[in-house]
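Colleague: Build me a model:
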Amino acid sequence: MDKILAGPILRRVERSQVYIWLASGEPLSLSAKLYGHDLTSPPLSETSNVKKAQLGEKLFVYLLKITPEPGTASFPEGELLYYDLLVQDAGGNEYSLVRGNPDFVFYESGHQQLPGFFIPAGSKFKRIMHGSCRRPHAKQALPGWEKMDQLSSGAGLIEAHFDDLNERPAALFLTGDQIYADDVAMSVLAMLIDQSQPLTGWHERMPVDDHGGEVTPADIKLHGRMHELNLAGFGITSTAADNHLLTFAEYAGMYLAVLGGEVSLPQRGHVFSRIHHSAAVDYNRERKRAMAFFATRRDIRRLLANIPVYMIMDDHEVTDDWNLNPAWEAKMYGNPFGRRMVSNALAAYWAFQGWGNDPDKFDDAFLDTIEAHLNRHQASGAEADAFDAQMLDRQVADRWSYSLSTRPFTVVLDTRMHREAGSNGQAGACVLMNGPARHWLTQLLQQQRNNLGADYPLLLISATPVFGFARMEKFQQVASKLGISPATLDLESWRQGFPLLESVLTQPASGVREVTVLSGDVHYSFSSQGAFNSTAPDVQIHAAQLTSSPVSNNPAGGVIGKVLLHVEQDDDYPELMTPQETKGQVTSLNNIGLVLFADDGSTEKHVLVARRRKVEPPKHVLTYQYSSSGV
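Modeller: Numbering: from 1, shown residues only. Prediction:
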């Protein structure tokens, strides 16, 4: 395996700290140096702290922290900064892992030989990117477009505007479904199984009952997991779960692949004897699509190395419909197999996504509990119980949510781990944030108002749109009343909990002046305008809903979805914005979103960016123009 399995990824960046994430196949003696725009000058600062988590025999995850030198309050703002990542060999010789490496730098375009980024002046966002839903073997959403991972378009934007900080995005928000654990191509699962033992040192065994029964998922034939393991009996509701990820190594391997790691998908002939007799899918077609997705791995690595990246999970990081409602949870968590699968998924999410969002949330004890279980290679025992208890714990309301002291003030919501029953009971649609989560948000906003001494604009990240597409959500409501299950309908909108969120945001003490919401999830993109209405008379908080989905996935809803998503300017949906390029207000285009903010922090423009061909530069395909006031 490569010395570097994935990364470096630039994670949380603030005036007082910079975090760099890396996964390697061996223990490394790492350090980092931060440079100003003049690389001939000495470094501004060097590594102040390196955290390491050993998650397998050949899986080491690092988080490096750089802080300003003593006597220096903060790093420079509004100018390019560069970093070097260094490793020391056994002889004490130090060399760079990234300098001049085309996997991480854009030097072919005349730029420097190190990864670069910038901290916006005054922490004011001018431009940011966002996207969601990356399923490797999905077909392209629109005819005439080449199959690819459209996240790679972000690398094109960085390269085109590397030195122009007025045009270059300052941050990337990945808003959910960065992996699809439940819907996996056979060729991808075959690769992950083959990597599992070298990566972690064993083929993980998982508990199936409370009496010591265990199963080794690697022994199940490809496309046979739903059939052989009766996954539905353990609480899995995905209809595409024949190759569902189950072990920690499988979840980790999938992250390594989608974050730009090496990928080698076996030909069908090489795994023919390993395919379950029930498999009816086209192995070669799915493999071809997945290969097209992974063909842009260099673009992905360069993008993630050259822009601060912030992430939040949605359901597919674990399984489709994850924590759909209390009835779903009762079945999943009522058996040791379900608990372990979710724990494995969350441990991988922490290692590859959650840790770098807000590193101070996770102390050494948290890391130790994960390492103790994963390196023991046992399905049960005290370490395994502690692992499950920690990963499934919901006592900390903001375990996965976090905020950034930017302008607009950024709050990223976990809408999966802290839900409560809605008005239709335990088996109905849920409220996406329960009382403790809403209390945390209330306190956070009030603290921001107190710190600033004035009202402020808010950037709210929610995996699913807060202001959903009314036609689709009304269809779901009608179908639900006809008896179709919430899992089948993907009934997980904010409709149940909107008034509760609205009451938090509109409290005068919260200080929220206007809101920009970034979302994904739904497999279609749109921009709309709305409002949160205060209990005070004639008081509204204007809101812009910006939805970018999917980066790589099929359109929502099949034939019915195609009809429902056909909405044009003259239709009766006044809340929807009409792009400058067409009358169509909702699109299934595979894309990433580019957000432009006005000086006062309000939404100025939302642009859907994509490449029609891999050899073409990214283009502004659809442009939604907001006024300077955000609506």
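Colleague: make it CA atoms for all contacts and neighbour counts henceforth
Modeller: Fine.
Colleague: which residues does Met472 contact?
Modeller: Met472 is in contact with 561, 564-565, counting by Cα atoms under 8 Å, 6 or more residues apart in numbering.
Colleague: make it 10 Å
Modeller: If you count contacts by Cα atoms under 10 Å, 6 or more residues apart in numbering, Met472 has them with 522, 556-557, 560-561, 564-565.
Colleague: go on, Gln585?
Modeller: Residues counted as contacts of Gln585 (Cα under 10 Å, 6+ apart) are 525-528, 565-571, 573, 576-579, 622, 624.
Colleague: Buried ones among those?
Modeller: Among the contacts of Gln585, the ones that count as buried by 16 or more other Cα atoms under 10 Å are 525-528, 565, 567-569, 576-579, 622, 624.
Colleague: what would the residues you listed look like in TSV with distance to Ser462, pLDDT and secondary structure?
Modeller: Compiled in TSV, these are given as follows (distance: Cα to Cα, whole Å; pLDDT from 0 to 100; DSSP: H, G, I helix; E, B strand; the rest coil):
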residue	distance to Ser462	pLDDT	secondary structure
Ser525	14	96	strand
Phe526	15	95	strand
Ser527	14	96	strand
Ser528	15	96	strand
Leu565	21	83	coil
Val567	24	83	coil
Glu568	26	77	strand
Gln569	26	71	coil
Leu576	18	90	strand
Met577	19	90	coil
Thr578	22	92	coil
Pro579	23	93	coil
Leu622	22	96	strand
Tyr624	20	96	strand
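Colleague: Among those residues, give me the pair with the biggest separation.
Modeller: For those, the maximum inter-member distance is 17.2 Å, found between Leu565 and Tyr624 (Cα to Cα).
Colleague: how is the protein carved up into domains?
Modeller: 4-118, 141-151+396-625 (automatic domain parsing).
Colleague: Those: which one's closest to Gly213?
Modeller: Closest of those to Gly213 is domain 4-118, at 23.7 Å (criterion: Cα to Cα).
Colleague: mean confidence score for that closest one?
Modeller: Here domain 4-118 scores 94 as its mean pLDDT.
Colleague: which strands and helices sit next to the lowest-mean-pLDDT helix or strand in the chain?
Modeller: Counting by mean pLDDT, DSSP states H and E, the chain has its least confident helix or strand at helix 486-489, which shows a mean of 73. Judged by 3 or more Cα pairs under 10 Å, 6 or more residues apart in numbering; DSSP states H and E, helix 486-489 is in contact with strand 425-431, helix 470-481.
Colleague: Moving C-terminal from the first one, which element do we reach first?
Modeller: Yep, that's strand 425-431 we're talking about. Per DSSP states H and E, the first helix or strand lying C-terminal to strand 425-431 is helix 435-452.
Colleague: and the domains of the chain as TSV, adding distance to Gly356?
Modeller: What follows is the domains of the chain, written out as TSV (distance: least, Cα to Cα, whole Å):
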stretch	distance to Gly356
domain 4-118	5
domain 141-151+396-625	11
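Colleague: Which SSE is immediately downstream of the least confident helix or strand of the chain?
Modeller: In N-to-C order, the element after helix 486-489 by DSSP H and E is helix 498-505.
Colleague: can you list contacts of that following helix?
Modeller: 431-435, 438-439, 441-443, 445-446, 458, 466-467, 494, 510-515, 531-535, 541.
Colleague: Would you mind listing the buried residues in stretch 35-49?
Modeller: For stretch 35-49, burial by neighbour count (16+ other Cα under 10 Å) applies to 35-36, 43-47.
Colleague: Is it possible to mark the buried ones in the contacts of helix 498-505?
Modeller: The neighbour count (16+ other Cα under 10 Å) marks 431-434, 438, 441-442, 445-446, 458, 466-467, 494, 510-515, 531-534, 541 as buried among the contacts of helix 498-505.
Colleague: so Tyr624 makes contact with Gly584?
Modeller: No. Contact status for Tyr624 versus Gly584: not in contact, 11.4 Å apart, counting by Cα atoms under 10 Å.
Colleague: Quick check: neighbours shared by these two?
Modeller: Taking Cα under 10 Å, 6+ apart as the contact rule, Tyr624 and Gly584 both touch 526, 577-578.
Colleague: nearest to Leu165, of those?
Modeller: Among these, and counting by Cα to Cα, the member closest to Leu165 is Phe526, at 26.8 Å.
Colleague: surely that closest one meets Glu568?
Modeller: No. Counting by Cα under 10 Å, Phe526 does not reach Glu568; the two are 11.6 Å apart.
Colleague: list residues touching both of these two?
Modeller: Both Phe526 and Glu568 are in contact with 576-578, 584-586, where contact means Cα under 10 Å, 6+ apart.
Colleague: Go through those residues and name the one nearest Arg225.
Modeller: Among the shared contacts of Phe526 and Glu568, and counting by Cα to Cα, the member closest to Arg225 is Val586, at 36.3 Å.
Colleague: for the residue nearest to Gly511 when sequence neighbours are not counted, phi and psi?
Modeller: Closest residue to Gly511 apart from its sequence neighbours, by Cα to Cα, 6 or more residues apart in numbering: Asp455 at 4.4 Å. Per-residue torsions, Asp455: phi -70, psi 160 (degrees, to the nearest 10).
Colleague: contacting residues for Asp455?
Modeller: Neighbour list for Asp455: 448-449, 508-514 [criterion: Cα under 10 Å, 6+ apart].
Colleague: Pull out the buried residues from the helix or strand hosting Leu81.
Modeller: Assignment of secondary structure by DSSP H and E places Leu81 within strand 80-88. By neighbour count with 16+ other Cα under 10 Å, strand 80-88 contains the buried residues 80-87.
Colleague: I'd like the residues you listed as a markdown table, with distance to Glu69 appended.
Modeller: Below are those laid out as a markdown table (distance: Cα to Cα, whole Å):
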| residue | distance to Glu69 |
| --- | --- |
| Leu80 | 18 |
| Leu81 | 15 |
| Tyr82 | 16 |
| Tyr83 | 15 |
| Asp84 | 16 |
| Leu85 | 18 |
| Leu86 | 19 |
| Val87 | 21 |
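Colleague: Of the residues you listed, which is the nearest to Leu157?
Modeller: Closest approach between the buried residues of strand 80-88 and Leu157, by Cα to Cα: Leu80, at 15.8 Å.
Colleague: what sits opposite the closest one in the beta ladder?
Modeller: Phe118 (DSSP bridges).
Colleague: how far away is it from Ser548?
Modeller: Leu80 sits 28 Å away from Ser548, taking Cα to Cα, to the nearest Å as the criterion.
Colleague: any weak-confidence spans in this structure?
Modeller: Residue ranges of the chain with pLDDT under 70: 1-2, 108-110, 489, 570, 628-631.
Colleague: about what we covered before: tell me which of the buried residues of strand 80-88 is nearest to Ala121?
Modeller: Out of the buried residues of strand 80-88, the member with the shortest distance to Ala121 (by Cα to Cα) is Leu80, at 11.2 Å.
Colleague: In contact with that closest one, which residues?
Modeller: If a contact means Cα under 10 Å, 6+ apart, then Leu80 has 35-38, 116-120, 162-165 as its contacts.
Colleague: The same query, at a cut-off of 6 Å, please.
Modeller: Leu80 sits next to 37, 117-118 when contact means Cα atoms under 6 Å, 6 or more residues apart in numbering.
Colleague: what's the neighbour count on Arg12?
Modeller: As a burial measure, Arg12 scores 22 neighbours (other Cα atoms under 10 Å).
Colleague: Pretty sure it sits in a strand.
Modeller: Yes. According to DSSP: H, G, I helix; E, B strand; the rest coil, Arg12 belongs to a strand.
Colleague: Quick check: it touching Leu63?
Modeller: No. With contact defined as Cα atoms under 6 Å, Arg12 does not reach Leu63; the gap is 10.5 Å.
Colleague: Great, nothing more from me.
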